[in-house]
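1. I would like to see how this sequence folds:
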Amino acid sequence: MKKIILLCMFSVLTVVGIGCTNQSETVVNNLQANVDVKEHTEYLDARKVVWDQLQTDQREFIDGTWEDGTLSTIKLTESMFVKQTDEVNTYVGVEVYAIDFPTKSTSFTNNVIVYADIENLKFIGNGLVD
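-> Residues are numbered from 1 along each chain as shown. Have a look, this model is predicted:
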């Protein structure tokens, strides 16, 4: 009788132990997936938020939507802006988002670069392109 009870207890502990191990792996995998999704969402949201701040004629000039933009960070210099203003000059030497959008134009440059504040995603201005 004692052997049967010990065997049952051992079986229960083994099942519980295996279940806890699998649950821990699942929790770790879920946490990693949440981090990946969050990073990807922030990347998409930054492009969308800035896209929504662009003027209609600028959006119409872009080939595609906000999803076609490429997001990167860059430290701004004075020579990187189409139009110099006091507000734009406050960002000189600061790291900001640069979003590169393809354009529909075949006679002009084939991209548009816009800058945005990393903290609040506020549209700063248009960048110069070759």
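2. which residues does I113 bridge with?
-> D100, G127 (DSSP bridges).
3. so it makes contact with G127?
-> Yes. I113 lies in contact with G127 (C-beta atoms under 8 Å); the separation is 3.4 Å. C-beta here means a position set from N, CA and C on the backbone, and glycine is covered the same way.
4. got any ranges where the chain has weak pLDDT?
-> Low-confidence segments of the chain, defined by pLDDT under 70: 1-44, 84, 108, 130.
5. let's see that with 90 instead.
-> 1-45, 61, 77-90, 103-112, 125-130 (pLDDT under 90).
6. in it, which spans are helices?
-> 2-53, 56-61, 86-89 (DSSP state H).
7. give me the residues contacting the last one.
-> What that stands for is helix 86-89. Residues from elsewhere that reach helix 86-89 (C-beta atoms under 8 Å, 6 or more residues apart in numbering): 78, 81, 124-125.
8. for the residues you listed, work out which two are farthest apart.
-> Greatest spatial distance among these (C-beta to C-beta): E78 and I124, at 13.2 Å.
9. between the two, point out the one with more neighbours.
-> I124 (22 against 10; other C-beta atoms under 10 Å).
10. identify the residues contacting the more buried one.
-> Taking C-beta under 8 Å, 6+ apart, we find I124 in contact with 87-88, 91, 96, 114-117.
11. now for these: which two are most distant?
-> The span of the contacts of I124, defined through C-beta to C-beta, is set by E87 and V114 at 14.7 Å.
12. higher neighbour count, the two?
-> More crowded of E87 and V114, by other C-beta under 10 Å: V114, with 23 against 10.
13. surely the more buried one touches V82?
-> No. Using C-beta under 8 Å, V114 makes no contact with V82, being 9.9 Å away.
14. what's the overlap in contacts for these two?
-> The contact sets of V114 and V82 overlap at 125-127 (C-beta under 8 Å, 6+ apart).
15. which of the residues you listed count as buried?
-> By neighbour count, with 16 or more other C-beta atoms under 10 Å, the shared contacts of V114 and V82 hold 125-127 as buried.
16. that concludes my questions; thank you for your assistance.
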